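# what follows is a protein structure lacking sequence information:
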């Protein structure tokens, strides 16, 4: 019998109209975004390998400008890939080759766990609540037995992100104890600007071994044409680049150029198009569950909603009730890799959907909730 991991469950629901499972950006283009498509044929013709470095440079400058992070080609080396999962696979190969034990955030999307376990990497949990907590982080860090730490910030599914103060504590710990720090920031563009800070600059100043993973697929509706950045500190670049070149020659310059245009659009409108969809759909979901046993528990800016079940019903039961009405969500148990029972009263709902479709889905959710005492 095959695995039932999240991605395989999401694939099964691809044909469904009210599929609120995967966290990718599934919405129509809005406003000036449509103008980008008018130049697709020209972009395809111009996307030649001779211009690869130019395309990559433009992408990096646009992306890091958008999210307020420092580019430093001396301290960091940047590789572009088709998806964040590719970047994680390279990281897992590197950890295995060095024989490193890993502290991995929990809860988290289960493909991280699956990728690392496939490489026989020993794991220990890092509770994501500590990323924003004023107490407990330093004491917890001293208990870690791992050689490396992998965090997702903002986290999927909770939206929790480390504070600047706590990030500095983690970086200092890695510096003082010679730990490798791996940061998956695939949901970075959704973090409020007032909470953002220059993580790359802090990591550079500490001179630690570090890896940052960025991704475009959770933010822009480019039909799975995506760009992931694998940014690696120079002191560990060569062995990771060796793995990279075994897997990929170079990422598609056409895809890089296309996504760059979406990023430039988001720079121009201050991410209002991207974040406006989230606000609209979260509001529709809040209205649907108000007064029921479902409670919004995740961060208000996250592109997925994390809901707590205040009822004897389990996540599986709620999932099945909604599925009977054609609405598909994910059970929280899939995200707790040390103890799935911790997620038995939680479900995750993806928010990056066309508002009319999402609103119709929430109306079905509301109707189901009205039948339950």
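Done, it's in. Treat the numbers as computed from the prediction; the structure is a model and nothing was measured.
# all contacts plus neighbour counts: C-alpha atoms, from now on.
Fine.
# residue 113: what's its closest spatial neighbour, skipping adjacent residues?
Nearest residue to residue 113 in three dimensions, chain neighbours excluded: residue 337, at 7.3 Å (Cα to Cα, 6 or more residues apart in numbering).
# same question but for residue 240, I mixed them up
Leaving aside its sequence neighbours, residue 240 sits nearest to residue 94 (Cα to Cα, 6+ apart; 6.4 Å).
# and the one you found, what helix or strand is that in?
According to DSSP states H and E, residue 94 maps onto helix 84-98.
# now for that helix, which elements pack on it?
Counting contacts by 3 or more Cα pairs under 8 Å, 6 or more residues apart in numbering; DSSP states H and E, helix 84-98 packs against helix 110-118, strand 210-215, strand 228-233, helix 237-247.
# quick one: buried residues of it?
For helix 84-98, a neighbour-count test (16 or more other Cα atoms under 10 Å) marks 84-96 as buried.
# wait, doesn't the residue nearest to residue 240 sit right on residue 238?
No. Residue 94 is beyond contact range of residue 238, at 10.8 Å (criterion: Cα atoms under 8 Å).
# wait, residue 121 sits on residue 95?
Yes. Residue 121 is within contact range of residue 95, at 7.3 Å (criterion: Cα under 8 Å).
# what do those two both touch?
Listed as contacting both residue 121 and residue 95 by Cα atoms under 8 Å, 6 or more residues apart in numbering are residue 101.
# what separation do you get for residue 234 and residue 205?
Noted for residue 234: a distance of 13 Å to residue 205, by Cα to Cα, to the nearest Å.
# so between those two, which is more surrounded?
residue 234 (19 against 10; other Cα atoms under 10 Å).
# quick check, central residue of this protein?
Central residue of the chain (Cα atoms, centre = their mean): residue 186, 3.5 Å from the mean position.
# SS state for that one?
Following DSSP: H, G, I helix; E, B strand; the rest coil, residue 186 is assigned to coil.
# follow-up on the earlier one: what's the helix holding residue 94 in contact with?
Under Cα under 8 Å, 6+ apart, the answer for helix 84-98 is 81, 101, 111-112, 115-116, 119-121, 186, 213-215, 227-230, 239-240, 243-244.
# return a PyMOL selection command for the buried portion of those residues.
The buried subset of these, as determined by 16+ other Cα under 10 Å, is captured in PyMOL by this line:
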select buried, resi 81+101+112+115+116+121+186+213+214+215+227+228+229+230+240+244
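# I'd say residue 365 and residue 322 touch.
Yes. Assessed by Cα under 8 Å, residue 365 is found in contact with residue 322 at 6.6 Å.
# quick one: contacts for the residue nearest to residue 113?
Residue 337 is in contact with 106, 107, 108, 110, 113, counting by Cα under 8 Å, 6+ apart.
# now those residues in a markdown table, with neighbour count and pLDDT?
Converted to a markdown table, the contacts of residue 337 look like this (neighbours: other Cα atoms under 10 Å; pLDDT from 0 to 100):
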| residue | neighbour count | pLDDT |
| --- | --- | --- |
| 106 | 25 | 98 |
| 107 | 27 | 98 |
| 108 | 22 | 96 |
| 110 | 16 | 89 |
| 113 | 19 | 96 |
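# from these, which is closest to residue 370?
residue 107 (29.8 Å; Cα to Cα).
# so the closest residue to residue 255 other than its chain neighbours, which of the three states?
Nearest residue to residue 255, sequence neighbours excluded (Cα to Cα, 6+ apart): residue 225, at 6.0 Å. The three-state label given to residue 225 by three-state DSSP is coil.
# isn't residue 225 up against residue 257?
No. Counting by Cα under 8 Å, residue 225 does not reach residue 257; the two are 10.6 Å apart.
# those two: which is more packed in?
residue 257 (23 against 17).
# so how far is residue 45 from the more buried one?
From residue 257 across to residue 45, the span is 12 Å (Cα to Cα).
# point out where this protein drops to low pLDDT.
1-7, 9-15 (pLDDT under 70).
# at 80 what do you get?
For the chain, the stretches flagged by pLDDT under 80 are 1-16.
# can you pull out the strands in it?
Taking DSSP state E as the criterion, the chain carries its strands at 18-19, 76-81, 102-106, 123-127, 148-152, 180-184, 210-215, 228-233, 294-296, 304-309, 327-328, 330-331, 346-350.
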